[in-house]
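Enquirer: Provided below are the primary sequence and the corresponding predicted coordinates.
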Amino acid sequence: MMKLDGIAAFVAVAQAGSISEAARRLRLSKSVVSDRLVELERGLGVRLVHRSTRRLSLTEDGVTFRERAARIAHEVEEAIAEMARRSGELVGPLRISAPVTFGRMHLGPALYPFLAKNPGIELTLDLDDRRVDAAAEGFDAVVRHGPLADSRLVPWTLAPSRRVLVAAPDYLDRHGTPATLDDLADHRGIFYTNRGVEDWRFQGPDGAAIVRGRTALRVNNGDMMRDAALAGIGIALLPTFIVGPDLKAGRLQLIDVGVRPAPEYIYVAHLAGRRPTVKLRAFADCLRAAFGDPPYWEA
């Protein structure tokens, strides 16, 4: 007979890629997770995981079983949460991925009152600027800024967002202030590597226009982009939720080249085909209320 804790252990191992990481996520010892996995395999009569000293991978049977096992584990968690909700509580694990700078500056402060109000929620917040695979890595949802790249995700808008061209007054004194896209192409740029060559993308009267300036710095973190702009390294295209205070204080200067970047949004996205949990809906509602409309960082 299969036990639910064995299914949960297998799902965690399949998502984490190792027994040690699965044990960390489940807050169990490696031996307990390994024993539960062995017991599940014994009950099914098949090998689900290839084990070696260097790596762990799923067998063909494991790949087949993974999707349904994940669905079973999710439904059990949701059933427990639903029973708790009926008594006025939100309980259970919630695993979210979010970008580093936005998480530090805005997501954390919005979440602390939510967690204080709902002590039964076990939130794991993974801050990472890369585009994670929510399904493979076991996230309930991802919080992101910008365009949605993964068609397997269903987005809920949390707040509008806009990016602006900025530079330090010292840089503009030395190199001049660009007034057109052609001018911009001659300037040193601070680029966000996770957007590739299309980082400087604008919405002009004739459609989208991409500018490739001279590279001063390519980096995958908004904090470092802002710091580099403050240091006078070059021009950066950054969200107002990062540079708003610097613009207000005069440490950075807004640059107008006659066209604007395409409108973007802060969103939370969950896996398509999976019913979003009550916890996730409450999480999204909390963020919308905290950010406001228009969001407070646009003040």
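Expert: Cool, got the structure. All values reported here derive from a predicted model rather than from experimental measurement.

Enquirer: and the protein, what are its domains?
Expert: As assigned by automatic domain parsing, the chain contains the domains 4-84, 90-161+265-298, 163-262.

Enquirer: looking at the ones you listed, which one has the lowest mean pLDDT?
Expert: Within these, confidence is poorest for domain 4-84, with a mean of 80 (mean pLDDT).

Enquirer: how about the CA coordinates for stretch 39-49, as PDB?
Expert: Output of stretch 39-49 as PDB, limited to C-alpha atoms (Å, rounded to 0.1, in the frame of the first residue of the first chain):
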ATOM      1  CA  GLU A  39       9.400   1.900   0.500                       C
ATOM      2  CA  LEU A  40       7.400   3.600  -2.300                       C
ATOM      3  CA  GLU A  41       9.400   1.700  -4.900                       C
ATOM      4  CA  ARG A  42       8.900  -1.500  -3.100                       C
ATOM      5  CA  GLY A  43       5.100  -0.900  -3.000                       C
ATOM      6  CA  LEU A  44       4.900  -0.100  -6.700                       C
ATOM      7  CA  GLY A  45       7.200  -2.900  -7.700                       C
ATOM      8  CA  VAL A  46       9.300  -0.600  -9.900                       C
ATOM      9  CA  ARG A  47      12.500   1.400  -9.700                       C
ATOM     10  CA  LEU A  48      11.700   5.200  -9.800                       C
ATOM     11  CA  VAL A  49      15.200   6.600  -9.400                       C
END
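
Enquirer: Just the buried positions in that stretch, please.
Expert: Buried residues in stretch 39-49, counted by 16 or more other Cβ atoms under 10 Å: 40-41, 48-49. Glycine gets a C-beta too; all of them are placed from N, C-alpha and C.

Enquirer: Mind listing residues that contact stretch 97-109?
Expert: 125-129, 132, 134, 137, 139, 141-145, 221-223, 239, 241-242, 266, 287, 290-291, 297 (Cβ atoms under 8 Å, 6 or more residues apart in numbering).

Enquirer: helix or strand for Tyr171, which one?
Expert: Per DSSP states H and E, Tyr171 falls inside helix 169-175.

Enquirer: buried ones in that helix?
Expert: 171-172.

Enquirer: what packs against that helix?
Expert: Contact here means 3 or more Cβ pairs under 8 Å, 6 or more residues apart in numbering; DSSP states H and E; on that basis helix 169-175 packs against strand 253-255.

Enquirer: What is the following helix or strand past the strand it packs on packed up against?
Expert: Next helix or strand after strand 253-255 toward the C-terminus (DSSP H and E): strand 260-261. Under the contact definition 3+ Cβ pairs under 8 Å, 6+ apart, strand 260-261 sits against strand 201-204.

Enquirer: these two touch, right, Pro261 and Leu237?
Expert: Yes. Using Cβ atoms under 8 Å, Pro261 makes contact with Leu237 at a distance of 6.5 Å.

Enquirer: Same drill for these two, tell me which one is more crowded.
Expert: More neighbours surround Leu237 than the other of Pro261 and Leu237, with 25 against 18 (other Cβ atoms under 10 Å).

Enquirer: Now do the contacts for the more buried one.
Expert: Residues in contact with Leu237, defined by Cβ under 8 Å, 6+ apart, are 163-166, 192, 199-200, 261.

Enquirer: In the stretch 101-250 of the chain, mark out all the helices, start to finish.
Expert: 108-117, 134-137, 169-175, 181-184, 222-230, 240-249 (DSSP state H, counting those that start in this stretch).

Enquirer: got the buried residues for the first one?
Expert: Under the neighbour-count criterion of 16+ other Cβ under 10 Å, helix 108-117 has 110-111, 114-115 buried.

Enquirer: what's the answer for the second one, then?
Expert: Counting neighbours by 16+ other Cβ under 10 Å, one finds that the buried residues in helix 134-137 are 134-135.

Enquirer: Run through who's touching that helix.
Expert: Here helix 134-137 makes contact (Cβ under 8 Å, 6+ apart) with 15-16, 97, 141-142, 150, 152-153, 269-271.

Enquirer: what's Asp199 sitting at in phi/psi?
Expert: phi -60, psi -50 (degrees, to the nearest 10).
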